[in-house]
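J.: Below are the sequence and a predicted model for it; my questions follow.
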Amino acid sequence: MRLYQLHAKQLLPISKKEAWQFLSNPKNLKTITPPHMGFHILSGADRSMHAGQIIQYVVKPFPLISTKWVTEITHVVQDEYFVDEQRFGPYSLWHHKHFLKEAEEGVLMEDIIDYKLPFGVFGTLMHPMVVKPQLKKIFEYRKIKLEKLFGSVPGKETTFELKTI
């Protein structure tokens, strides 16, 4: 069983409160998800984020393949962090922590995602060829979209690391 971890950081020139208002609103997920993924919220985004919230989506991880994805918001600390966990979807495990930290230049967004792929050895073989590049594309799109919405901090690069744990 292989576990993987994605660790991304992005600095934005906005306040922590402004970042929280945008990122904690499930409806904004569509804005920062690449259009080719066909992301659509089915239910659960009609209230402000809270622990126990179930959100159902449809997403196309690959062309012509559509799947339902159900996540639960398991932890929320206002203006600090929230955690979503997959309850049903394309991964065997998906545990995504979203942190916001004040920085001199604005706010540092940090994402830590621990995940496991289904299908045993086949899933392990697919990681470097399919899953890892797909996740990199998703986070690159998100980086660019957030910079268009909120601006960027000159000289501060977004970091992205994917590793096996």
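T.: Structure received. Numbering: from 1, shown residues only.

J.: Flag every buried residue along the helix or strand harbouring I138.
T.: I138 is part of helix 132-150 when elements are defined by DSSP states H and E. By neighbour count with 16 or more other C-beta atoms under 10 Å, helix 132-150 contains the buried residues 134-135, 138-139, 141-143, 146, 150. Where you see a C-beta, it was placed from the backbone N, CA and C, and this is true even at glycine.

J.: got it, and stretch 43-52?
T.: 44-45, 49.

J.: how far out from the middle of the chain is that stretch?
T.: Chain-centre distance of stretch 43-52: 16 Å, with C-alpha atoms, centre = their mean, to the nearest Å.

J.: before we move on, what about stretch 41-58?
T.: With C-alpha atoms, centre = their mean, you get 15 Å for stretch 41-58.

J.: how about the strands of this structure, start to end?
T.: 4-12, 40-43, 54-62, 65-77, 81-88, 93-103, 106-116, 159-164 (DSSP state E).

J.: How much space separates F82 from I65?
T.: 28 Å (C-beta to C-beta, to the nearest Å).

J.: quick one: which of those two has more around it?
T.: F82 (22 against 10; other C-beta atoms under 10 Å).

J.: From D111, how far out is the more buried one?
T.: Taking C-beta to C-beta, one finds F82 at 11 Å from D111.

J.: thought L29 was touching H40?
T.: No - in this structure L29 lies outside contact range of H40 using C-beta atoms under 8 Å: 10.1 Å.

J.: Mutual contacts of those two, please.
T.: Y57 (C-beta atoms under 8 Å, 6 or more residues apart in numbering).
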